[in-house]
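okay, sequence plus prediction incoming.
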Amino acid sequence: MGQRLGSSAALRRPGAYFTDFGGVGEATAPQLDADRCLRLRSRYSDCEKCAQACPTHLLEVSNDYVDLADGCLRCGQCSAACPTGALQTEGFGISPSSAISAAPLDIDCWKVPAPHSARDALRVPCLGGIALHELVRWHTACAPRPIMLVDRGWCGQCSAASRANHPAQEVLDATRELLAELGVPEQALPRFERKRLPRKQMPAEIPDALAARPMNRREFFTGVTRDAVRAIAPAVAGRRDERTERRRPTPAKIEVPARLQLLAQAAALGKQHRRPLPTALFPALRVSNACQNHNVCAAICPTGALHSYESEEGGVAGIAFDAGACIACGDCTRACPQHAIELLVPGAGEVPRGRTMLTQWALRECRDCGYRFADSDSDTICPTCQKTRDLARASFSQLFGASHGTRDDLPINSLAGSMRSID
Amino acid sequence: MAKWGMVIDLEKCTGCQACTAACAMENSRLPGENWQDVIFFTEGEYPSVQVKWFPRPCMHCEKPSCMYACPTGATYKTSDGVVLVDWDKCIGCKYCMIACPYGARFYTDEKPLAAPDMRKVFRSKDDHSWSPPWRMPDNREDWRRGVGVQPRGVVSKCTFCYHRVSKAPKGTPDLDPSDPAQREFAPACVVACPPNARYFGDLANPNSEVSKMIANKNGVRLLDQLGNKPQVYYLTGSGGAVPTSRSTAKS
C-alpha cells in the first residue's frame, strides 16, 4: 500500500493542504503541496523531475495525482529536483552554526554514525538530496570556510544511490561552476572529501535522525507542538473548508523561494567579486510572429514570470517577461495555441535588467462589440466576432443551402438564391 | 445514463429571442453575454437585404474541444452528457474560448458590451462579477458545476440548465415543458420558446421524441466536419433551404 501525496482534486480548495514538517514522532515521507506542483496545476506540464530523481522509482506522477509507493527512503532527492519546492523532505532546511572557525564545514549523511562526524558537521538524510540553492546558501553562510561533502566510500552500495557516480556529484559540479563564474577562488569552492568508513558501519536504512540527534528543550517542545498541529490539522482544515466555502480562492501564482534566494545570493557574491551574473541562471524566451496575443501563456505561467501588460493609455498591450522569476518549466511553450513561444537553452539570452517586453500590440476597437483587441492583420472586428461570423457563414450554408447542392465552403453570396428576397 | 440533447426546429423558430431572455433571467447573465444567443446575419444591400438567423446555445459536444484544451481540468463532461465548467478550478486563461468552434463561452471581465455597465450599477461585494437584482437562490448556486451568477475571472457557458435538468427523474426520455410534471426540469430556453421550436430529451434513448425527430427529420449538427459531435441538432425541414412554413414575402 503506497500513499497518495496529492491530487488535482485537492488543488485550490482552501485548507486542503496543510503542510508541516518536523516533529518528535517518526520521520515522514516527503510532503507535497498540491498547489505548487507543476504537474497537478496544469495539463500542459510534463514535469516528472521528482520521479526521475527517485533512486528507487517509487514516485508515480500524472496530471491527476502524485503517488508514492511503499518503501520511501526519505533521501530527499525528489525534493532537490522539484523546481518549485512543492515536495519537501524532512531534514534539509538546516543552517550551519555561526561559530567562527577556519576548519572546513563537513556535510555528512544520516547513515554515518554521529560519533564519526565532525562536531559541527551539517547532517542531512542523504547528500543526494542537497539542492543547488542549499549548497550556495551554506557556502555564503559559512564563508570563508570551504564546504566538504564527506564521501564515506559506501555511497555506491547505498540503496539511495542508483546512478553511476556519487549522488551529490551533479549538484556539486553545478555549484562549483556557478561559484567559479561568480569569482569564488578555487580553494573556497565546495568539494568532496574522502574519509572512508568500513562498509559494515553503514545501516541498511536511513536512520531517523530526529530521534538520534541530541535534542534540547526548545527543540523538544517545538516538536511536540508540531505533532499536535499535525494531529488536529485535518479537523481544522475541515472547519476552514466549511467556513470559506463561498470564497473563490484566487488562481495564485507561486513564488519559488529557492530560486529567489539563489539569485539574491548569486548577486551578492557577484558584487563581492565584481563579476556579472552568469547568463546560465536566466532562461530566455523567444516569441515568433505567429503570436496572436491570446495571453494563454501568461495565464498558465506558474510563477507569473510571463504576464500581460497594457499601457496606461490603453493603446498598447502584450506580454512581458521577468527572467528572474522564470523556472524554465516550458509550460508556456506547450500551451501556446500558435506554438509561437520558444524556450531557449539556458545561457543563450542575456542577463536581464528587470522585465522585458516580449511582444507589443496596437489595440484596436472591434467594430461590432467594442472590445479592444490586438490588431493582428488589420481586421476591423475582434476574433470572437469573427468566429461568430464564420460560424454563421458555415452554418447557413449547411442549414439552408442543402437543397441547392451547396457545400460548406461555398461563399455566402451565392446562397442569395436559396432564400426568398424580402421585398 | 441519459445523454441530454436538444433539437431546434428552424422551421418553427421565429428569431424572437425569448430563449435569450429566459436564459439571461435564469442564469443572471450580463447584457450582451448571453449563454444562449440568436445569431442574425444580414447579406446583400438595400433594397434586397436578407436577414437570416439561428439560435446558438452551447452544443455540449460529445468530444468537446474546450475540455481537451483546458489546462486545469476545470471543463468536464458529466456522465449525463453535459459539458460544465468548475469555477473553483478555472484560472480564466480563455484557452477554451479559442478552442470552441461555436463561440459559446464567455468571460465577462472584458469591456461591457452594453451601456450602462451593469457591473457598476449592480456592484457585487463578493467574488461575483455583479449582483443582479434578481438571481437564483444561493442554495441553488453551484460553482463546481458553473451554475449561478458568474464570478470574476472565470469562463462560463450554457449548462443546459443543469440545476433543473439534473433533478429530472431517472430514465425520463423527454423533458417536455407542456407536461406540467416535467416543466420544472426542462431548460429555461425550452420552456420559454413561444413557437415550441425547442425539444429537450435523452439522445441515448432511441424511443425519446428527440431521437425520433433527429432520425425522421434529418437533424443537422453544426460544423459537423470538425468532429466535435454536438448534442444540439437543427431541423431545417425537408427542403433544407428556407423553411416552407415561414413566409418572408411582404404581401
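That came through, no problem.

for chain B, just list every one of the strands.
All strands of chain B, identified by DSSP state E, fall at B:4-9, B:37-43, B:50-56, B:75-77, B:83-85, B:105-106, B:156-157, B:198-202, B:232-235.

I'd like to know which of those strands lies nearest to A:Gly153.
Checking these against A:Gly153 by C-beta to C-beta gives strand B:75-77 as the closest, at 54.2 Å. To be clear about C-beta, it is placed using only N, CA and C from the backbone, and glycine gets the same treatment.

direction included, what does the closest one pair up with?
strand B:83-85 (antiparallel) (DSSP bridges).

what residues does the stretch 51-200 of chain B put near chain A?
B:51-52, B:54, B:56, B:69-73, B:87-95, B:97-99, B:101-103, B:110-111, B:113, B:126-127, B:143, B:151, B:153-154 (C-beta under 8 Å from any C-beta of the partner chain).

quick one: buried ones out of those residues?
Neighbour counting by 16 or more other C-beta atoms under 10 Å in any protein chain shown classes B:52, B:54, B:56, B:69-73, B:87-95, B:97-99, B:101-103, B:110, B:113, B:127, B:143, B:151, B:153-154 among those as buried.

just the residues you listed: which are in helices?
Among these, the members falling in helices (DSSP state H) are B:69, B:95, B:97-99.

need those residues in CSV (columns: pLDDT).
Output for those, formatted as CSV (pLDDT from 0 to 100):
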residue, pLDDT
B:Ala69, 94
B:Tyr95, 94
B:Met97, 94
B:Ile98, 93
B:Ala99, 94
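
farthest pair in the residues you listed?
Top of the distance list for these (C-beta to C-beta): B:Ala69 and B:Met97, 9.2 Å.

out of everything not next to it in sequence, what's closest to B:Asn34?
Nearest residue to B:Asn34, sequence neighbours excluded (C-beta to C-beta, 6 or more residues apart in numbering or on different chains): B:Thr20, at 5.0 Å.

the one you found - how many residues pack around it?
20 (other C-beta atoms under 10 Å in any protein chain shown).

isn't it right up against B:Phe40?
No - using C-beta atoms under 8 Å, B:Thr20 makes no contact with B:Phe40, being 11.4 Å away.

residues in contact with the one residue in the stretch 1-150 of chain B that gets nearest to chain A?
Relative to chain A, the nearest point of the stretch 1-150 of chain B is B:Cys93 (3.3 Å; C-beta to the nearest C-beta). When contacts are counted by C-beta atoms under 8 Å, 6 or more residues apart in numbering or on different chains, B:Cys93 is found next to A:295-296, A:299-300, A:335, B:71.

can you rerun that using 6 Å?
Contact analysis of B:Cys93 by C-beta atoms under 6 Å, 6 or more residues apart in numbering or on different chains lists A:296, A:299-300.

please report the distance of it from A:Gln261.
In this structure, B:Cys93 lies at 29 Å from A:Gln261, with C-beta to C-beta, to the nearest Å as the measure.

likewise for B:Gly201?
According to C-beta to C-beta, B:Gly201 and A:Gln261 sit 60 Å apart.

which one of these two is surrounded by more residues?
Applying other C-beta under 10 Å to B:Gly201 and A:Gln261 shows that B:Gly201 carries more neighbours, namely 27 against 15.

ok, the more buried one - contacts?
Here B:Gly201 is in contact with B:173-174, B:208-210 (C-beta under 6 Å, 6+ apart).

that one bridge partners, please.
Using DSSP bridges, the beta-bridge partners of B:Gly201 come out as B:Gly5, B:Asp174.

what separates it from chain A, distance-wise?
Going from B:Gly201 to chain A by C-beta to the nearest C-beta, to the nearest Å gives 21 Å.

repeat for B:Ala168
Distance from B:Ala168 to chain A, counting by C-beta to the nearest C-beta: 27 Å.

can you list the weak-confidence ranges in the stretch 151-300 of chain A?
Across the stretch 151-300 of chain A, residues meeting the criterion (pLDDT under 70) sit at A:163, A:209-215, A:230, A:233-251.

okay, helices next: where are they in it?
A:169-181, A:209-212, A:217-243, A:257-273, A:296-300 (DSSP state H, counting those that start in this stretch).

what residues sit buried inside whichever helix or strand comes after the last one?
Right, the one you point to is helix A:296-300. On the C-terminal side of helix A:296-300, the closest following helix or strand by DSSP states H and E is strand A:306-310. Going by neighbour count (16+ other C-beta under 10 Å), the buried part of strand A:306-310 is A:306-307.

is chain B contacted by strand A:306-310?
No - with C-beta under 6 Å from any C-beta of the partner chain as the criterion, chain B is not reached by strand A:306-310; the gap is at least 10.9 Å.

average pLDDT for that strand?
Mean per-residue pLDDT for strand A:306-310: 90.

ok, now which ones touch the closest residue to chain B within the stretch 201-350 of chain A?
Per C-beta to the nearest C-beta, A:Ala299 is where the stretch 201-350 of chain A lies closest to chain B, at 3.3 Å. Contacts for A:Ala299 (C-beta under 6 Å, 6+ apart) come out as B:91, B:93.

make it 8 Å
By C-beta under 8 Å, 6+ apart, the contact set of A:Ala299 is B:91-95.

from chain B, how far off is the residue nearest the centre of chain A?
Geometric centre of chain A, nearest residue: A:Thr84, 2.6 Å, by C-alpha atoms, centre = their mean. From A:Thr84 across to chain B, the span is 16 Å (C-beta to the nearest C-beta).

what's the helix or strand for that residue?
Assessed by DSSP H and E, A:Thr84 sits outside every helix and strand.

that one against A:Cys37, yeah?
Yes - the pair A:Thr84 and A:Cys37 qualifies as a contact (C-beta under 8 Å) at a distance of 7.2 Å.

what bridges to A:Ile107?
Counting by DSSP bridges, A:Ile107 forms beta bridges with A:Leu122, A:Leu149.

isn't A:Lys195 up against A:Arg152?
Yes - the pair A:Lys195 / A:Arg152 is scored as a contact, 6.5 Å apart, by C-beta under 8 Å.

higher neighbour count, these two?
Each of A:Lys195 and A:Arg152 has its neighbours counted (other C-beta under 10 Å); A:Arg152 has more, 20 against 16.

grab the nearest non-local neighbour of that one.
Ranked by C-beta to C-beta, 6+ apart and with sequence neighbours excluded, the top spatial neighbour of A:Arg152 is A:Leu197, at 4.6 Å.

tell me how far the residue of the stretch 1-150 of chain B closest to chain A lies from B:Tyr46.
Per C-beta to C-beta, B:Cys93 is found 43 Å from B:Tyr46.

just A:His116 next, same as before
Look at A:His116 and B:Tyr46: by C-beta to C-beta, they are 97 Å apart.

between those two, which is the more surrounded one?
A count of neighbours by other C-beta under 10 Å puts A:His116 above the other of A:His116 and B:Tyr46, at 13 against 6.

can you count the residues close to the closest residue to the more buried one other than its chain neighbours?
Take A:His116 and drop its neighbours on the chain: the residue closest to it by C-beta to C-beta, 6+ apart is A:Leu197, 6.2 Å away. Here the number of neighbours of A:Leu197 (other C-beta under 10 Å) works out to 16.

which residues does A:Leu197 contact?
When contacts are counted by C-beta under 8 Å, 6+ apart, A:Leu197 is found next to A:112, A:116, A:152-154.

please report how far it lies from B:Arg183.
Counting by C-beta to C-beta, the gap from A:Leu197 to B:Arg183 is 82 Å.

next one: B:Gly237
Separation of B:Gly237 from B:Arg183 (C-beta to C-beta) stands at 27 Å.
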